[in-house]
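Asker: pasting the structure only:
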DNA sequence: AAGTGGTCTAGACCACGAG
DNA sequence: TCGTGGTCTAGACCACTTG
């Protein structure tokens, strides 16, 4: 005691490091550029690798960095804006829908989805897998649940499974009058299956968008879409339809 | 070689642990219950504390757990649904708005905000701080930027600063005709200031909602709201206005 | 004062991608 | 094969809350 503390920083090292690195990214690096490896960076800043990694994780979460095992850490481009609220009154699969139907199965949905669909436990529903790709990068994976009361099994009977069947189910939805929809966004972590499709590790942060589609006074379908939280920004254009674009820095 | 691997699990320990704990939470714990401490849990599962913590972090991110330093780890209640899209055509501060004005200053906004407001660099704008509290828990912190061209400085001149001034600026907005709005949601990490207000540590994951308000063919105001990602779910009711509610499990 | 979660260290080994 | 990020360990100390 008695020694004057020049810097009484209750601020954690990793947080300070994050700030320093963030500023360095703004001024000294350009998009796509690769950073020195973690061991070198840690040595350069005089911290343990784990501490350096904590700072990098923050920056990756904020969409500033992109890290790939076996490759390295690169400066990420600005997040992609993905429109989620423009197709105000359209069924999934309507014209202008950029989602790519991948597959379709018939199975019992998770309990939470069954609750929204008001189906009995273990009641089977069409389960359509779709994916969204922009600029060659996978951005989101979706599971669309459609009860047989919305689209009868016979409508999809001619295609056993696969993309053809997915198309058939989406086609079947269009025969219904869409009365409205209801959306929720929350943070989640990618399940192993989604992670693979999104080219991320399991547990990667994702934005989960749950949409209910209403027809005939009931919930006619439920969509659960998981978006890569590091690379995209969800946009909702209530009116005016102007895009939000972020400036660098 | 030659030995048959019973469990060729390329699955990381922390991920497996997350699954095990998640199932235990579903079946053996109830909301608010406190878990054994990290050292005990780690010992019980035969892993290092750091590994156990990685699993807990995942579960906290998913809103399943709540951890408080000096206190312990508790089972979190289901996420709170926060309506974000219902006040379709209303200015912030309109009737029914649950946000609590806290303060107001006049300062130059961050570059990204200045870009959206189309104000000159270093041009001063009203900066209103508001906070949203539900069930006694802080849920979100907002910064609302209003250029002087939308609400003249004179409108807020009678209150030097503080909540009174914030109210005056919000009042001033109501004189304009709201033509539309434009919203974006993305993942971020809480800055030190927001973290404090949200009762979290710096770097905590937050959902950042950026809203542009249009009037007179221009951007009349910009709101940047940060919501605790662990405890809340943003809801957008495009029509029908029915609440999405998740069932347990 | 005791107990909790939060930070940090200095190592080790593994899985993956590219040459 | 080599270099990268990802996982994991076994410790230590700190900051905070509660009794």
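Answerer: Looks like it came in fine. All values derive from a computational prediction rather than experimental measurement.
Asker: nearest residue to residue A:58 in space, please, no chain neighbours.
Answerer: In this structure, residue A:58 finds its nearest non-sequential neighbour in residue A:18, 4.7 Å apart by Cβ to Cβ, 6 or more residues apart in numbering or on different chains. C-beta: built from backbone N, CA, C; applies to glycine.
Asker: name the helices or strands packed onto the longest helix anywhere in chain A?
Answerer: For chain A, the longest helix by residue count, based on DSSP state H, is helix A:13-28. Packing partners of helix A:13-28 (3 or more Cβ pairs under 8 Å, 6 or more residues apart in numbering or on different chains; DSSP states H and E): helix A:49-61.
Asker: okay, buried residues for the longest helix of chain A please.
Answerer: A:13, A:14, A:15, A:17, A:18, A:21, A:22, A:25 (16 or more other Cβ atoms under 10 Å in any protein chain shown).
Asker: so how far is DNA strand C from the residue nearest to residue A:58?
Answerer: For residue A:18, the distance to DNA strand C equals 10 Å [Cβ to the nearest atom of the strand, to the nearest Å].
Asker: and the strands in chain A?
Answerer: Shown for chain A, the strands assigned by DSSP state E span residues A:65-68, A:72-75, A:80-83, A:100-107, A:125-134, A:137-147, A:180-189, A:205-215, A:218-228, A:232-237.
Asker: still on that earlier bit, make a markdown table from the buried residues of helix A:13-28 and add pLDDT to it.
Answerer: Listed next are the buried residues of helix A:13-28 as a markdown table, based on pLDDT from 0 to 100:
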| residue | pLDDT |
| --- | --- |
| A:13 | 97 |
| A:14 | 97 |
| A:15 | 97 |
| A:17 | 97 |
| A:18 | 97 |
| A:21 | 98 |
| A:22 | 97 |
| A:25 | 96 |
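Asker: and which of these is nearest residue A:42?
Answerer: For the buried residues of helix A:13-28, the residue nearest residue A:42 by Cβ to Cβ is residue A:17; the value is 9.6 Å.
Asker: hang on, the closest one packs against residue A:52?
Answerer: Yes: assessed by Cβ atoms under 8 Å, residue A:17 is found in contact with residue A:52 at 6.7 Å.
Asker: which residues do those two both contact?
Answerer: residue A:45 (Cβ atoms under 8 Å, 6 or more residues apart in numbering or on different chains).
Asker: tell me the contacts of residue A:234?
Answerer: With the criterion set at Cβ under 8 Å, 6+ apart, residue A:234 makes contact with A:82, A:84, A:185, A:207, A:209, A:227, B:184, B:185, B:186.
Asker: give me the nearest residue to residue A:155, chain neighbours excluded.
Answerer: residue A:172 (4.2 Å).
Asker: DNA strand C contacts on chain A?
Answerer: Within chain A, the positions adjacent to DNA strand C are A:12-15, A:46-51, A:54, A:68-71 by Cβ under 7 Å from any atom of the strand.
Asker: list only buried entries from the residues you listed.
Answerer: Listed as buried from those are A:13, A:14, A:15, A:47, A:51, A:54; burial here means 16+ other Cβ under 10 Å.
Asker: among these, which two are most distant?
Answerer: Longest span within these, Cβ to Cβ: A:15 and A:47, 12.0 Å.
Asker: quick check: residues of chain A near DNA strand D?
Answerer: So chain A meets DNA strand D at A:10, A:35, A:37-40, A:49-50, A:53, A:56, A:67-73, A:201, A:203 (Cβ under 7 Å from any atom of the strand).
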